[in-house]
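**Q** Need coordinates for the following:
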Amino acid sequence: MADQILGMLPLIHRKLLKKYKSNEFKRNEFLLLHHLRKADGQPMHEYGKKLCISKPNLTKLVGELEKKQWVRKEQSRDDKRVIHIYITEEGEACLKKQYRKMKERVLESTDRLTDEEVETLVDNFQTIHAILSKLNDRDDLTE
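**A** This is a model prediction of the structure:
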């Protein structure tokens, strides 16, 4: 399984995403905004776990997005040490624009596939996502 994973990741990047480049977003900026769009307002450390990045790197990332006015931070009412982050309207608009561009690039990358092959690819990605989501996260990945 390890060989399959290690072989698949570069293939996915090269075949589906390599043509997709953004001058507006760094990879982790895009991923954080994506997670915020799915589950807005969680404590910062939760997003660090999802992105597998350290607390200092997450703090820097959130600071950069805050300067661009794509996120805002709020201190928790219950625990002043906890910071919640939220996507702003500007961040949402930029993310939607990037989703459109990314979808166009993926469509270009898959244009040589049949409809059946594209459907199979989508179904398999959904299955892999569902299975991987069931696996336990290891807390020590972000430390």
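**Q** Okay, and Arg37 sits in which element?
**A** Using DSSP states H and E, Arg37 falls within helix 27-38.
**Q** what bits of the chain have low per-residue confidence?
**A** Along the chain, segments meeting pLDDT under 70 span 18-22, 137-143.
**Q** Surely Lys73 forms part of a strand?
**A** Yes: when DSSP: H, G, I helix; E, B strand; the rest coil is applied, Lys73 is found to be in a strand.
**Q** Enumerate every residue touching it.
**A** Counting by Cβ atoms under 8 Å, 6 or more residues apart in numbering, Lys73 touches 44, 62, 66, 83-86. C-beta: built from backbone N, CA, C; applies to glycine.
**Q** Now the buried members of these.
**A** 44, 62, 84-85 (16 or more other Cβ atoms under 10 Å).
**Q** Go through the residues you listed and flag which are in strands.
**A** In strands, judged by DSSP state E, the following of the buried ones among the contacts of Lys73 are found: 84-85.
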